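Undergrad: here's a sequence, model it:
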Amino acid sequence: MSENTYTFDVLIVGSGAAGLNLALELSATARVGLLTKGDLHESNTYYAQGGIAAVLDEHDSIEAHVQDTLIAGADLCDEDAVRFIVENGRKAIEKLSEYGVEFTTRKDSSGDREYHLTREGGHSHRRIVHAADSTGQAIETTMEDRVREAKNIEIFEHHNAIDLWTERFRDGRTKRVTGLYALDTQSESVKAFTAPFVVLATGGVSKVYLYTSNPDICTGDGIAMAWRAGCRVANMEFTQFHPTCLYHPK
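TA: Below is the predicted model:
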């Protein structure tokens with residue numbers, strides 16, 4: 001490995017909940033390189049407030065959650081994807097709790113602690129698990145601690161991915177990704193990263209809008225890199241809007 005070239009089993013770009021969780025899952029059996037364009041915690045996950053929907057109440061059901069989601073999605077959702085996510089909701093909450101995320105609880109009728117579930121728009125039951133009103137921050141900072149403790153994860157903060165490396169197979173048409181270039185914004189040097197598996201967990205594109213409450217990192221780099229590498233990009237028109245901030249022209 002040269003001074004500006006790094007090799008890993010898996011390379012993950014992005015340090016939100018998706019990137020951090022995958023890094024932790026893979027680190028048991030693989031050497032993981034984790035790139036993020038700012039500080040490790042700087043992601044949209046950190047700023048999420050409400051909570052996570054999961055079927056945990058005995059009066060709730062998987063089918064009710066699936067139907068609520070399909071209705072809210074105006075029947076545009078991929079039902080298989082919806083069902084998979086809903087069915088694995090409890091497992092995800094349990095995994096986050098194992099990492100050390102302290103969700104808000106309350107005493108049940110027998111005096112034991114249980115998750116404090118709230119209800120949000122579009123849901124027919126109480127199923128929102130939360131950590132006070134800073135759920136994303138609790139998840140992000142806890143997972144950051146676990147990632148920094150992991151021996152098989154090397155973290156590269158302030159590294160802005162530039163473009164993916166690709167090579168063609170013998171047929172001359174099919175390409176595969178073998179790594180990427182990234183700019184170390186602190187040393188202002190370009191570094192090369194190689195890996196047989198590259199995962200883009202880079203978030204959305206909300207900074208294309210003039211006014212947004214999203215952090216400055218939300219610039220769609222991963223989507224653009226994937227497109228240039230030959231990946232199919234779909235459903236770009238589906239941006240979720242939360243009109244819950246105040247705007248002042250000054």
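
Undergrad: switch to C-alpha atoms for all contacts and neighbour counts from now on
TA: Fine.

Undergrad: pull the distance from the lengthiest helix in the chain to the chain's centre.
TA: What stands out as the longest helix in the chain, according to DSSP state H, is helix 135-149. Taking CA atoms, centre = their mean, to the nearest Å, one finds the center of helix 135-149 at 12 Å from the center of the full chain.

Undergrad: what's the answer for stretch 56-74, then?
TA: What separates the centre of stretch 56-74 from the centre of its chain is 22 Å, taken as CA atoms, centre = their mean.

Undergrad: quick one: average confidence on it?
TA: In this model, stretch 56-74 has a mean pLDDT of 96.

Undergrad: using PDB, write out every CA atom in that stretch.
TA: Extracted C-alpha coordinates of stretch 56-74, given in PDB (Å, rounded to 0.1, in the frame of the first residue of the first chain):
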ATOM      1  CA  LEU A  56     -44.100  -3.700  18.700                       C
ATOM      2  CA  ASP A  57     -47.500  -3.200  20.200                       C
ATOM      3  CA  GLU A  58     -49.700  -6.400  20.800                       C
ATOM      4  CA  HIS A  59     -52.700  -4.600  19.200                       C
ATOM      5  CA  ASP A  60     -50.700  -3.700  16.100                       C
ATOM      6  CA  SER A  61     -49.900  -6.100  13.200                       C
ATOM      7  CA  ILE A  62     -47.500  -6.400  10.300                       C
ATOM      8  CA  GLU A  63     -50.400  -6.300   7.800                       C
ATOM      9  CA  ALA A  64     -51.700  -3.100   9.300                       C
ATOM     10  CA  HIS A  65     -48.300  -1.400   9.000                       C
ATOM     11  CA  VAL A  66     -48.000  -2.700   5.400                       C
ATOM     12  CA  GLN A  67     -51.400  -1.300   4.400                       C
ATOM     13  CA  ASP A  68     -50.800   2.000   6.100                       C
ATOM     14  CA  THR A  69     -47.600   2.400   4.200                       C
ATOM     15  CA  LEU A  70     -49.100   1.400   0.800                       C
ATOM     16  CA  ILE A  71     -52.000   3.900   1.400                       C
ATOM     17  CA  ALA A  72     -49.600   6.700   2.400                       C
ATOM     18  CA  GLY A  73     -47.500   5.900  -0.700                       C
ATOM     19  CA  ALA A  74     -50.500   6.200  -3.000                       C
END
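
Undergrad: and that stretch, what's buried?
TA: 56, 61, 62, 65, 66, 67, 68, 69, 70 (16 or more other CA atoms under 10 Å).

Undergrad: immediately after the longest helix of the chain, which helix or strand?
TA: Later in the chain than helix 135-149, the nearest helix or strand by DSSP states H and E is strand 153-156.

Undergrad: what comes into contact with the next helix or strand after that following strand?
TA: Using DSSP H and E, the next helix or strand after strand 153-156 towards the C-terminus is strand 159-168. For strand 159-168, contacts defined as CA atoms under 8 Å, 6 or more residues apart in numbering pick out 13, 35-38, 174-185, 221, 225-226, 229.
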